[in-house]
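> Can you look at this prediction? I've put the sequence above it.
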Amino acid sequence: MYNEINNLIIFLFIVYIYSPKMSVSTKIFKSMNQSSWIRRMFEDGLVLKEKFGENNVFDFSLGNPNLEPPSEFYKILRKLALNPPQGIHRYMPNAGYITTRNAIANQLSKEINIQFTSDHIIMTCGTGGGLNVIIKTLVDPNDEVLIFSPYFVEYLFYIDNHNAKHKIVPTNQNFLPNINALAKSITKKTKMIIINSPNNPTGVVYSEDVLSSIGKTIQEKEKLFGTQIYLVSDEPYRKILFDNLRYPHVFPHHTRTIITTSHSKDLALAGERIGYIAINPSIESNKDLSDGLTFSNRILGFVNAPALMQNIISQLQNVSVDILDYQNKRDILYNNLTSIGYSIIKPQGAFYIFPKSPIKDDILFAEKLREEKILVVPGSGFGKPGYFRIAYCVDIDIINRSLNGFSNVLKRFN
Ligand SMILES: Cc1ncc(COP(=O)(O)O)c(C=O)c1O
């Protein structure tokens, strides 16, 4: 009898621990628990830092830029604060200020050699906001959205937010889209393909050839199925490019192309939530599309992108943080880790490096690194087991002092 009561108590305790608490839906409860390796590592990091001190933990878990925004940002911010234009804090058109959208359209026209106007630009609350607005506007329930693995894990939730279905397409050994697999994955129900270059978590950049192959594959399938498929390019790292690489733009490779980007990374304004969507001017029904995107921006509750930031970034389209700082960090990590014996595809942009885990179990390997107080995210968190991500947007001192730990753990497995 005593044992039965005891077992019942244990059972009820387990049910309590693993069941949704009153205030959270079952769906959100499940998603929270399955989702984020990054969050788990971040929380682990807080515990370790508390125990060993901030400087003794090598936290590479988060893509949160350590650089401060450029001085030009503060100059404009100060000017606006001292002489605020009348009405600067009021509501505005849901697509954003026309002056800001014009500034972005002009900049894109110069970069890409396609004529953009303010009609093609919608200001958003970051790229995360932009992606949600795009998906909301384009998908019907059960439409398919294709993403490539390894992927930014939020895509799964963003797609689910709008009742679409995600489908994962593998990449090749260089983390570039496997075009045959892409062709096989596209069906009548495919509405959208999301690409991300420079890529999180791998740092690879898609070349013109890769983009052209993606475009051609989509067009073949559109013809075959009589459908319209959108290519959505998620580009928050577009300006973080190394070795004088020029960014290969996606617009020339497919008509139904939409990009979304932000100044979270290139101006280190991640907390300010400022970004935009740009649609290809050659999309036939581009007025309907931009009206739809603007409407979604409103009804998702974003209403419009932050006013103050729109005023500032319209004057900063040619400015970015010091990209060479990230390139230098990439070089230190890549050169040292490869010479120790790690196998790595050299990143060409962003601030991530994605080495192969020396053992099959990337989660165990991340745990072993943790014993050296090094926090990384296992590739499993990006749908690519067998690898791990280092986010090197941290102080150079952290990188330099972590190298011994990376070496120690590798030696144990060799
Ligand atoms: C691939 C990718 N897409 C989108 C985002 C969201 O960025 P934002 O701050 O612009 O919403 C991130 C942020 O880390 C990212 O890595």
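All right, it came through fine.
> May I have the residues that are in contact with the closest residue to residue 118 other than its chain neighbours?
The shortest distance from residue 118 to any non-neighbouring residue, by Cβ to Cβ, 6 or more residues apart in numbering, is to residue 101 (3.7 Å). From N, CA and C alone the C-beta is placed, and that goes for glycine too. Contact analysis of residue 101 by Cβ atoms under 8 Å, 6 or more residues apart in numbering lists 95, 118, 121, 122, 123, 276.
> How far does the helix or strand harbouring residue 101 sit from its chain's centre?
In the assignment (DSSP states H and E), residue 101 maps to helix 98-112. Taking Cα atoms, centre = their mean, to the nearest Å, one finds the center of helix 98-112 at 23 Å from the center of the full chain.
> Can we start the residue count at 37 from this point?
New numbering, starting at 37: the last item is helix 134-148.
> Mind checking what secondary structure the one residue sitting closest to the centre of the chain has?
Nearest residue to the geometric centre of the chain (Cα atoms, centre = their mean): residue 188, 5.4 Å. Under DSSP: H, G, I helix; E, B strand; the rest coil, residue 188 falls in the coil class.
> on that earlier part again, and the helix holding residue 137, which residues are buried?
136, 137, 139, 140, 141, 144, 148 (16 or more other Cβ atoms under 10 Å).
> what does this protein put close to the ligand?
Within the chain, the positions adjacent to the ligand are 99, 162-164, 188, 232, 236, 270, 272, 298, 300, 306, 311 by Cβ under 6 Å from any ligand atom.
> CSV for those residues, including distance to residue 257, secondary structure and pLDDT?
Formatted as CSV, the residues of the chain next to the ligand follow (distance: Cβ to Cβ, whole Å; DSSP: H, G, I helix; E, B strand; the rest coil; pLDDT from 0 to 100):
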residue, distance to residue 257, secondary structure, pLDDT
99, 32, coil, 87
162, 31, helix, 98
163, 26, helix, 98
164, 28, helix, 98
188, 24, coil, 96
232, 21, strand, 98
236, 26, coil, 98
270, 21, strand, 98
272, 27, coil, 98
298, 30, strand, 98
300, 33, coil, 97
306, 36, helix, 96
311, 29, strand, 98
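> where do the helices sit along this protein?
38-54, 62-71, 73-88, 107-118, 134-148, 162-174, 190-197, 215-221, 244-261, 322-335, 343-349, 359-376, 398-407, 432-449 (DSSP state H).
> thinking residue 422 is in contact with residue 415, fair?
Yes - with contact defined as Cβ atoms under 8 Å, residue 422 reaches residue 415; the gap is 5.8 Å.
> hang on, residue 398 packs against residue 424?
Yes - between residue 398 and residue 424 a contact is recorded at 5.4 Å, counting by Cβ under 8 Å.
> Touching, residue 273 and residue 301? I think so.
Yes - contact criterion Cβ under 8 Å: residue 273 and residue 301 qualify, at 5.6 Å.
> Just want to know which of residue 398 and residue 424 has more residues nearby.
residue 424 (29 against 26; other Cβ atoms under 10 Å).
> give me the beta-bridge partners of that one?
residue 414 (DSSP bridges).
> Can you find the helix or strand of the protein with the lowest average pLDDT?
Ranked by mean pLDDT, DSSP states H and E, the weakest helix or strand in the chain is helix 38-54, scoring a mean of 57.
> Could you single out the most deeply buried of the helices of the chain?
Sort those by mean neighbour count, taking mean count of other Cβ atoms under 10 Å, and helix 162-174 sits at the top with a mean of 25.
> Tell me which residues are up against that one.
By Cβ under 8 Å, 6+ apart, helix 162-174 touches 158, 160, 181, 190-191, 194-195, 197-198, 200, 227-228, 230, 266, 268, 270-272, 294, 296-298, 300, 306, 309-313, 325, 328-329, 331-333, 335-336, 338, 341.
> can you rerun that using 6 Å?
Outside of helix 162-174, the residues within contact range by Cβ atoms under 6 Å, 6 or more residues apart in numbering are 160, 194, 198, 227-228, 266, 268, 272, 294, 296-298, 300, 309, 311, 313, 328-329, 332-333, 336, 338.
> likewise stretch 266-286?
By Cβ under 6 Å, 6+ apart, stretch 266-286 touches 148, 163, 170, 174, 228-232, 234, 243-244, 247, 290, 292-295, 297-298, 300-302, 356, 359, 362-363, 384-386.
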